[in-house]
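>>> predicted model, plus sequence, below.
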Amino acid sequence: GAGVSQTPSNKVTEKGKYVELRCDPISGHTALYWYRQSLGQGPEFLIYFQGTGAADDSGLPNDRFFAVRPEGSVSTLKIQRTERGDSAVYLCASSRVPQETQYFGPGTRLLVL
Amino acid sequence: KQEVTQIPAALSVPEGENLVLNCSFTDSAIYNLQWFRQDPGKGLTSLLLIQSSQREQTSGRLNASLDKSSGRSTLYIAASQPGDSATYLCAEGFSGGYNKLIFGAGTRLAVHP
């Protein structure tokens, strides 16, 4: 079956611009996670959704970052006033229920110039 | 602060060798320990998941162990092959109704013919 998909695969933007990153989880998966991976590092947790609600957003670095999941399926990570330090690979993962194995998407590589 | 450390950071071995990757974590309130594989430019693939009540898991040529008392996990790869070349990440999962993962920085493995 289809895995987790993320679009775009690559995004280049200028400092100060607004970007949206999309995640399509595996159909029927109720739990959705966003992580950020900088070069040479492991992924860092950003936010967790159970259904439509953000149950844990403790990993969002600041208020420029926001994520939604309005219908409990697709999620969008939104970054306002992008900074060069936001450049990273943004990974999305989903699981059927919260405590099961997470399945990761290929990521969106964001480059802020 | 929860931390996960992986040693070595990089490893290069000839084909056919058995090898061990190490992971240490600081928080004993672990829910599970998971090993992932990451190929360049790709997302993460789950290899093995060990629940906190378990000591080890095996899948084919892979065996992962968990020692909560010492805060360590090892991934053993038998008879390594060039196709095993990738970055291997371990992640500590925490309870609380969902599976928030804290990742190490990974071990970059190169298996040469």
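It's in.
>>> drop to CA atoms for contacts and neighbour counts, all remaining ones
OK.
>>> which other residues reach the helix or strand of chain A at the bottom of the mean pLDDT ranking?
Taking mean pLDDT, DSSP states H and E as the measure, chain A has strand A:53-56 as its least confident helix or strand, at a mean of 88. By CA atoms under 8 Å, 6 or more residues apart in numbering or on different chains, the residues outside strand A:53-56 that reach it are A:47-49, A:68-69, A:72.
>>> repeat that with 10 Å
Defining contact as CA atoms under 10 Å, 6 or more residues apart in numbering or on different chains, one finds that strand A:53-56 is touched by A:31-33, A:45-50, A:67-72, B:97-98, B:100.
>>> who are the contact partners of residue B:60?
Taking CA under 10 Å, 6+ apart as the test, what residue B:60 contacts is B:77-78.
>>> start and end of stretch B:72-83, how far apart?
26 Å (CA to CA, to the nearest Å).
>>> spit out the contact partners of the closest residue to residue A:31 other than its chain neighbours.
Leaving aside its sequence neighbours, residue A:31 sits nearest to residue A:50 (CA to CA, 6 or more residues apart in numbering or on different chains; 4.8 Å). Contacts for residue A:50 (CA under 10 Å, 6+ apart) come out as A:29-33, A:56, A:69, A:72-73, A:94-95, A:97-98, B:97-98.
>>> recalculate using a threshold of 8 Å.
Residue A:50 neighbours (CA under 8 Å, 6+ apart): A:30-32, A:72, A:98.
>>> what's the most distant pair in the residues you listed?
Put simply, by CA to CA the two of the contacts of residue A:50 set farthest apart are A:72 and A:98, 13.4 Å from each other.
>>> shared neighbours, the two?
By CA under 8 Å, 6+ apart, residue A:72 and residue A:98 have these common neighbours: A:30, A:50.
>>> the helices in chain A, which residues?
Listed in chain order, chain A contains no helices at all (DSSP state H).
>>> which bits of it sit near chain B?
A:40-45, A:48, A:91, A:98-107 (CA under 8 Å from any CA of the partner chain).
>>> now the buried members of those residues.
A:42-45, A:48, A:91, A:98-99, A:101-107 (16 or more other CA atoms under 10 Å in any protein chain shown).
>>> could I get the buried residue list for the least confident helix or strand of chain A?
Applying 16+ other CA under 10 Å to strand A:53-56 flags A:54, A:56 as buried.
>>> each with direction, which strands does that strand pair with?
Strand A:53-56 pairs in its sheet with strand A:44-50 (antiparallel), by DSSP bridges.
>>> the strand it pairs with - what's its average pLDDT?
In this model, strand A:44-50 has an average pLDDT of 95.
>>> which residue is the nearest non-sequential neighbour of the residue nearest the centre of chain A?
For chain A, residue A:34 is the residue whose C-alpha lies nearest the centre (CA atoms, centre = their mean; 3.6 Å). Closest residue to residue A:34 apart from its sequence neighbours, by CA to CA, 6+ apart: residue A:92 at 4.6 Å.
>>> and the one you found, how far from residue A:22?
9 Å.
>>> show me the common contact partners of the two, please.
What both residue A:92 and residue A:22 touch, as defined by CA under 8 Å, 6+ apart, is the set residue A:6.
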